[in-house]
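Participant: Need coordinates for the below:
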Amino acid sequence: MFVDANVLIAGADSRSGASNAVLRLAEVGLFQLVVCRQVLDEAERNLRKKLPRALPNFAAQLSQLSLEIREDPESAAFLRWADVIEAKDAPILEAAVSAGVDRFVTLEHEGLYPRGCRHQRTHHSNAQ
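Facilitator: Numbers count the residues shown, from 1 in each chain. Now for the predicted structure:
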């Protein structure tokens with residue numbers, strides 16, 4: 001499962017949110033988390049800038065997780081996504097695709113959806 005920087009940030013900032021739950025489930029070995037260097041750099045940069053109080057949690061989580069860290073893709077590889085999604089998100093999508101993951105977890109609402117595509121969030125209910 002590939003996780004975006006925003007999942008790492010949210011997980012570091014909240015001990016009760018869904019992102020933190022994803023990180024905790026990975027910590028106990030339910031699944032393997034995959035990231036690329038850019039994701040880690042972006043998460044740390046944004047935490048330092050916007051949520052410095054969460055940096056100790058971020059460091060603790062990284063020490064507990066067995067992350068598979070992929071190198072960032074070459075620009076030639078992610079150019080294929082340039083006409084599909086926001087340019088800034090193309091390297092992240094390429095890293096996830098090239099890692100061969102079966103899931104991509106992000107809190108991104110716009111940039112990773114194909115341009116012109118209407119997307120909807122799926123909500124799960126326990127109602128019978």
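Participant: List the buried residues for the longest helix along the chain?
Facilitator: What stands out as the longest helix in the chain, according to DSSP state H, is helix 37-50. Buried residues in helix 37-50, counted by 16 or more other Cβ atoms under 10 Å: 38-40, 42-44, 47. From N, CA and C alone the C-beta is placed, and that goes for glycine too.
Participant: Shouldn't residue 61 be within a helix?
Facilitator: Yes: looking at residue 61 with DSSP: H, G, I helix; E, B strand; the rest coil, it is inside a helix.
Participant: ok, and what's touching the lowest-mean-pLDDT helix or strand in the chain?
Facilitator: When each helix and strand of the chain is scored by mean pLDDT, DSSP states H and E, helix 75-78 comes last, with a mean of 89. With Cβ atoms under 8 Å, 6 or more residues apart in numbering as the contact definition, helix 75-78 has outside contacts at 90-91, 93-94, 98.
Participant: Tabulate the CA atom coordinates of it in PDB.
Facilitator: The C-alpha coordinates for helix 75-78 follow below in PDB (Å, rounded to 0.1, in the frame of the first residue of the first chain):
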ATOM      1  CA  SER A  75      11.200  12.700 -14.800                       C
ATOM      2  CA  ALA A  76      10.900  10.800 -18.100                       C
ATOM      3  CA  ALA A  77       8.900   8.100 -16.300                       C
ATOM      4  CA  PHE A  78       6.300  10.300 -14.800                       C
END
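Participant: Okay, buried residues for that helix please.
Facilitator: residue 78.
Participant: what's the answer for stretch 51-60, then?
Facilitator: 54, 57-58.
Participant: I'd like to know which of the residues you listed is nearest to residue 74.
Facilitator: Distance to residue 74 across the buried residues of stretch 51-60 (Cβ to Cβ) is lowest for residue 58, with 27.6 Å.
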